[in-house]
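**Q** Turn this into a structure:
(chains A and B, ligands or ions: 2)
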Amino acid sequence: MNQATIKDTMVRTAEPFIGADGRIWKRVSVQWENLCYAPGQYVMLAGVKCGADWPTPLTIQRATGDRFTVIIHPDCPLYGLKAGDAVAVWGPNGTGVAMASGETAAIITDARGCLPVRPYVEAFGDHLSGVYLVGGGDASTVLRADITEKADDPAELKDRAAVLNADKVLMALPVGLIVKWKQAVPDDLAARTYAFIAAKIACGVGGCKSCFITSGDRSFGFPVCCKGPMLPLTAVDFARDQDSLIHYI
Amino acid sequence: MSMQVTCHTGGRTFSLANPVMSAPGGVGNVVEFRHLTDLTKLGAVIPNSLMNQDGAPSAATKFCCADAGFISAYGANNISLQNFIDEQMPLLPDGPKLIVDLKARTMAEMAEMAALAAKTKRIDCIEINLICPYGTGEPAYYSDPDKLKRLVGGVKDVSGGKPVIAKAPGGDFSMRYMAEVLQESGIDMFVSFNCLNGCSIDIRTRTYRCGAGGGGGFFGAGIKPYALSRLREAASAFSIPVIGAGGINSAEDVIEYILAGAFAVQIGSANLKRPDFMEKLLVDLEKLMNELDIHSLDEIRGTAKVAHVDAR
Ligand SMILES: Cc1cc2nc3c(=O)[nH]c(=O)nc-3n(C[C@H](O)[C@H](O)[C@H](O)COP(=O)(O)O)c2cc1C
Ligand code: FES
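**A** Ligands and ions are numbered 1, 2, ... in the order given. So this is what the prediction gives:
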């Protein structure tokens, strides 16, 4: 696992683009030499003196050379960041879903879930059996991938060969749709499914217990910020924990 | 120039390498932050409050950020003292003093935990969390002088000579009353502030943003003027050392607290702004002391004056 470190660094570029919802999002690159991360890991990023000093978790979209890139939604407190701004960043945090060699994955997301799944879309390349967009909208500007199929409900996709035969299914959907999927698919497909768990993250290091979900065999639960944010569907008791999960951005 | 702070209490001298310590919960169980900051630089560390048994964090949304602070409603996000001693404490670096804040459901439980803390060599001080009894719905012991004396006395009896600190409960209480009863009980130090109650509503969904009951404890920069005035009250009401807490976000804030009479300070939510917050704070504090020509924090403690208008 990549050990998290903290750096005082700066925003190199902040490019606006039209996002999934027709609003103006930003692709922000941050100076960090040779950041080593696994797809699905995230950084905690806080603006220094820009009025957004509580940190926000942001999925690492890409890291090349002297910088890494994140995507910022217009409702994010960090939306005001611009080139030259000082930021404090710690990471990489969390764990990505590991793929054994030769394994294939299908991705099911709604337009907002495209941010946490996009690094997997890029990383999986030929091992991607399909990318499915649920609930309308257009996520192609962020996903940079051809959408295999659109659906109103994830359960409609359960019989598609590319989903049924995938070694893993990764999804980023609102809790209600994840639960629907869990109920609709056979147990072995549910066991191969990983869901993005949108717990609220405050420290990102397992300290504050903000993101703990109480599922599992220990009443104390476990930190989504360290073990997730993408977790096996079978590890989460949605009936117990849904109140602490937000609709993510 | 020295950042060391020293006091005399309970017939002994007590020193810290500097006045900065984590507030309970500010850096989780402390060890989670050890890869991201140099904990050895701190005056003292305090893990999240510890209980007799592992708790269970709330299943509701546990925090939300407010304009000038942080609202949290974690429920019993506390592990047991035994679990801390066995699994976390061995990972702590040597150096800073270790204080444990104890949360108990009964007086007997508090005394039992204090006895375990007293016989654990690495633990330097025992902090009684006055939100006690915790989670039972019964009235707080501190509101009854006899119960408060028995609570503190039960801990002092088993403390093995280690300093015993009392941490203020949340909300409002009479500082004079607290000083009188706690000092009669033989307490060695007092932490002047815990939190205020707070809540926040998302007007689009018309729901409270966090907490199983729709609210929680409010900390952070917004409460500093109030918390500082409570520290000032405490420093005049108590004759023992008082530790300040509440809204500390900068080296300037630390100096303000010391000028108002604090022996040392506890830092809570600011650690969530960055995990190495206290390490940076100490660098800033040293610079600020040089800039303000402060040679010793002990010398400036409680020296803030009320500005007089010249009558002429
Ligand atoms: C994440 C977090 C967890 C906390 N947990 C506890 C706790 O378990 N027990 C306790 O007495 N206070 C707890 N507190 C309150 C702090 O100990 C302290 O009283 C408060 O944070 C001081 O104010 P400040 O945050 O403005 O520095 C917690 C605070 C935070 C930010
Ligand atoms: S966000 Fe603090 S423990 Fe996970």
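**Q** and B:Ile223, what pLDDT?
**A** The model reports B:Ile223 with a pLDDT of 94.
**Q** Doesn't it belong to a helix?
**A** Yes - counting by DSSP: H, G, I helix; E, B strand; the rest coil, B:Ile223 is found in a helix.
**Q** What are the contacting residues of stretch B:99-108?
**A** B:21, B:24, B:44-52, B:78, B:81, B:84, B:110, B:113-114, B:117, B:123-129, B:131-136, B:141, B:147, B:150-151, B:154-155, B:165, B:167 (C-beta atoms under 8 Å, 6 or more residues apart in numbering or on different chains). All C-beta atoms are positioned from the backbone trio N, CA, C, and that covers glycine.
**Q** just checking, A:Asp95 touches A:Tyr37?
**A** Let me fix one detail, which is that residue A:95 is Thr and not Asp. No - the criterion here is C-beta atoms under 8 Å, and A:Thr95 misses it with A:Tyr37 at 10.5 Å.
**Q** Of these two, give the one with the bigger neighbour count.
**A** A:Tyr37 (21 against 17; other C-beta atoms under 10 Å in any protein chain shown).
**Q** so how far is A:Thr193 from A:Thr234?
**A** Note on A:Thr234: its distance to A:Thr193, by C-beta to C-beta, to the nearest Å, is 8 Å.
**Q** Tell me which of the two has more neighbours.
**A** The residue with more neighbours, out of A:Thr234 and A:Thr193 and counting by other C-beta under 10 Å, is A:Thr193; that gives 23 against 14.
**Q** Please give me every residue in contact with the spatially closest residue to A:Ala184 that is not a sequence neighbour.
**A** Distance criterion C-beta to C-beta, 6 or more residues apart in numbering or on different chains; nearest residue to A:Ala184, sequence neighbours excluded, is A:Ala155 at 3.8 Å. When contacts are counted by C-beta under 8 Å, 6+ apart, A:Ala155 touches A:Lys180, A:Trp181, A:Ala184, A:Val185.
**Q** With A:Ile178 instead?
**A** A:Pro154, A:Met171, A:Ala195, A:Leu233, A:Phe238.
**Q** For these, which entry has the maximal number of neighbours?
**A** Counting by other C-beta under 10 Å, top hit in these: A:Ala195 with 27 neighbours.
**Q** That one falls within a strand, correct?
**A** Yes - counting by three-state DSSP, A:Ala195 falls inside a strand.
**Q** one step back: can you tell me which of the contacts of A:Ile178 comes closest to ligand 1?
**A** Nearest to ligand 1, judged by C-beta to the nearest ligand atom, of the contacts of A:Ile178 is A:Phe238 at 25.0 Å.
**Q** was I right about the closest one contacting A:Val179?
**A** Yes - using C-beta under 8 Å, A:Phe238 is in contact with A:Val179, at 5.1 Å.
**Q** So for A:Asp138, what's the pLDDT?
**A** On the pLDDT scale, A:Asp138 gets 64.
**Q** burial count for the residue in chain A that chain B sits nearest to?
**A** Nearest to chain B, among the residues of chain A, is A:Gly207, at 2.7 Å (C-beta to the nearest C-beta). Neighbours of A:Gly207 under the rule other C-beta under 10 Å: 26.
**Q** May I have the secondary structure class of it?
**A** coil.
**Q** Ignoring the adjacent residues along the chain, who's closest to it?
**A** B:Gly28 (2.7 Å).
**Q** Would you confirm that the one you found contacts A:Ala202?
**A** No - using C-beta under 8 Å, B:Gly28 makes no contact with A:Ala202, being 10.4 Å away.
**Q** what residues do these two have in common as contacts?
**A** By C-beta under 8 Å, 6+ apart, the residues touching both B:Gly28 and A:Ala202 are A:Cys208.
**Q** okay, the contacts of A:Ala155 in TSV with secondary structure next?
**A** Below are these laid out as TSV (three-state DSSP):
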residue	secondary structure
A:Lys180	helix
A:Trp181	helix
A:Ala184	helix
A:Val185	coil
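**Q** Now a PyMOL select for only the buried ones of these.
**A** The PyMOL command for the buried members of these (criterion: 16 or more other C-beta atoms under 10 Å in any protein chain shown) is given here:
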select buried, chain A and resi 181+185
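**Q** Can you show me the helices along chain B?
**A** With DSSP state H as the criterion, chain B has helices at B:81-83, B:107-118, B:145-158, B:175-184, B:224-237, B:251-259, B:277-291, B:297-300.
**Q** Mean neighbour count, those: which tops it?
**A** With neighbours defined as mean count of other C-beta atoms under 10 Å in any protein chain shown, these peak in mean count at helix B:251-259, which reaches a mean of 22.
**Q** So what touches that one?
**A** Residues contacting helix B:251-259 (C-beta under 8 Å, 6+ apart): B:19-20, B:224, B:228, B:231, B:244, B:247-248, B:265, B:281, B:284-285, B:287-289, B:292, B:294, B:297, B:300-304.
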